[in-house]
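Participant: coords please:
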Amino acid sequence: MVSKELLEKAREFHGHVCPYLVLGLRASEIAFEKLGVRERPGVSETLGEELVAIVEANNCFADGVQVATGCTFGNNALIYLDTGKTALTLFRRGEKRGVRVYVVPEKVESLYPPRASELWRKVVVEGRGTREDAEELDKLFEELGLRMLELPESFFKVEEVSFEEEVERAPIFETVKCSKCGELVWKPRAVYVDGKPLCASCAGVPVPAVLGRGIVASFRIPFRVIGR
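Facilitator: This is a model prediction of the structure:
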């Protein structure tokens, strides 16, 4: 069962409580149990990226996973595979096996009150809901999320996975100074013009980005620093 304390941490991180946030917490709990992990990673584990989570969609579920597992985008223990599936794979470095927990959407959707589905489409998908609609949706989603704290394992597909090769750790890159703005940039990300390093922004070149629709290979930086 997902504790209320963990749920509140997730609310603080995510901004609100919703079904897929709770599913991320619950899937992490199941993965911990199957993998024999008794508590969230501490200092040594997070510094060393010892426990690694793989998510396959950048949705609310991913925030639940980050809060519950301690594997985050910032500490490099979270890997994002852009398959578009709501699933978590958890493994320890040095071990060739892990566990994958996939949300079975057909079962989860059966729990949704019709009014919540209607409001979700209006407010989130179509972006035409009123403030009152959003508040009602928030209330319905929180009620649903609370009911999901003890969601049975049967709502997930749980599988053992094997790794044929070691997943790389985050490298430490050297930095160089952009010859135009003076900011430091990772050396592999620098663009060289006439032998001088430029950051992507000063060079005016597109970069890979993670957007709401997933990983985009080429995205033009959408802002310009005023006065530069």
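Participant: Report the central residue of the protein.
Facilitator: When CA atoms, centre = their mean is applied to the chain, the residue found nearest the centroid is Ala62 (3.3 Å).
Participant: quick one, what contacts that one?
Facilitator: Gly24, Val55, Leu78, Tyr80 (CB atoms under 8 Å, 6 or more residues apart in numbering). For the C-beta atoms, the positions are set from N, CA and C on the backbone; glycine is no exception.
Participant: lowest confidence element among the helices and strands of the protein?
Facilitator: helix 43-47 (a mean of 78; mean pLDDT, DSSP states H and E).
Participant: Do you know the pLDDT at the residue of the chain most remote from its centre?
Facilitator: In terms of distance from the mean C-alpha position of the chain, Asp194 ranks first, at 38.9 Å (CA atoms, centre = their mean). Asp194 is assigned 94 on the pLDDT scale.
Participant: Please report how far it lies from Thr175.
Facilitator: 20 Å (CB to CB, to the nearest Å).
Participant: Ok, Glu135 next?
Facilitator: Distance from Glu135 to Thr175, by CB to CB: 46 Å.
Participant: Domain parsing of this protein, as residue ranges.
Facilitator: The chain resolves into domains spanning 4-162, 175-219 when parsed by the TED database.
Participant: Any chance of a markdown table for these, columns distance to Arg169?
Facilitator: A markdown table is the format used below for the domains of the chain (distance: least, CB to CB, whole Å):
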| stretch | distance to Arg169 |
| --- | --- |
| domain 4-162 | 6 |
| domain 175-219 | 16 |
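Participant: now, of those domains, which is deepest in the fold?
Facilitator: Highest mean neighbour count among the domains of the chain (mean count of other CB atoms under 10 Å): domain 4-162, with a mean of 17.
Participant: ranges for the strands of the chain?
Facilitator: 51-55, 78-80, 87-92, 97-103, 156-162, 175-177, 184-186, 191-193, 196-198, 207-211, 214-219 (DSSP state E).
Participant: Relative to the first one, what are the paired strands and their orientations?
Facilitator: Put plainly, it is strand 51-55. With DSSP bridges as the test, strand 51-55 is paired with strand 78-80 (parallel), strand 87-92 (antiparallel).
Participant: quick check: mean pLDDT across that strand?
Facilitator: On average, strand 51-55 scores 96.
Participant: Any idea how far it is from the middle of the chain?
Facilitator: 10 Å (CA atoms, centre = their mean, to the nearest Å).
Participant: Same check on the second one?
Facilitator: Relative to the mean C-alpha coordinate of its chain, strand 78-80 is positioned 7 Å out (CA atoms, centre = their mean).
Participant: do the same with the fifth one
Facilitator: When distances are taken as CA atoms, centre = their mean, strand 156-162 is centred 19 Å away from the chain's centroid.
Participant: among the contacts of Ala62, which two are most distant?
Facilitator: Maximum pairwise distance among these (CB to CB): 13.3 Å, between Gly24 and Tyr80.
Participant: returning to what we had before: please identify which of the strands paired with strand 51-55 is closest to Pro206.
Facilitator: The minimum distance between Pro206 and these falls on strand 78-80, with 19.4 Å, by CB to CB.
Participant: List of residues touching the closest one?
Facilitator: Around strand 78-80, the neighbours that count as contacts under CB under 8 Å, 6+ apart are 52-56, 58, 62, 65-66, 71-73, 167, 210, 215.
Participant: try 7 Å this time
Facilitator: Val52, Ala53, Ile54, Val55, Asn58, Gln66, Cys71, Thr72, Val210 (CB atoms under 7 Å, 6 or more residues apart in numbering).
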